[in-house]
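>>> Pasting a predicted model and its sequence here:
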Amino acid sequence: MTRVTLDDIRRAAEQRYGDFDIALPDGATVTLRSPLRMSAEDRGLLGDIEQLAAAGDTEAITEALKIAAKTPEQGRRLLDAIGGDLAMAAVLFEQWAQAVSVGESSASAS
């Protein structure tokens, strides 16, 4: 009989659906959460925003990054560090979305 602990399950969940960390130039780290770790409300907002981003709404990308950030302060710090560069925001969004997609391992950028 196989026996696992909740700690085993927690480690597996973290490995498979873990956060996406971004190292900022000042040495701080911003954490973007996996959608599976967000509230249902945030997941719904994120889904709506992802549709807008796919349709070419560049402002939607920065909104998605703010929602994905672990805290509002981290979201602000990330957007400040990006400095309005929508190309950087788009690349970051793509990397985060790929890293946290369900069924794939998440990678840490730090």
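Done, it's in.
>>> Surely residue 72 touches residue 66?
Yes. If you go by C-beta atoms under 8 Å, residue 72 and residue 66 touch, sitting 7.4 Å apart. (Each C-beta comes from the backbone N, C-alpha and C, glycine too.)
>>> Which one's more surrounded, these two?
Shown here are residue 72 and residue 66; by other C-beta atoms under 10 Å, residue 66 has more neighbours (17 against 10).
>>> Would you check that my belief about the more buried one contacting residue 77 is correct?
No. Using C-beta under 8 Å, residue 66 is not in contact with residue 77, being 10.7 Å away.
>>> measure residue 21 to residue 101 for me?
17 Å (C-beta to C-beta, to the nearest Å).
>>> And these two? Which one has more around it.
When neighbours are counted by other C-beta under 10 Å, residue 21 and residue 101 differ, and residue 21 comes out ahead with 16 against 13.
>>> now the helices for this structure?
6-17, 40-54, 58-68, 72-82, 86-99 (DSSP state H).
>>> Next, the buried residues of the first one.
Right, the one you point to is helix 6-17. Within helix 6-17, the residues that qualify as buried are residue 17, counting by 16 or more other C-beta atoms under 10 Å.
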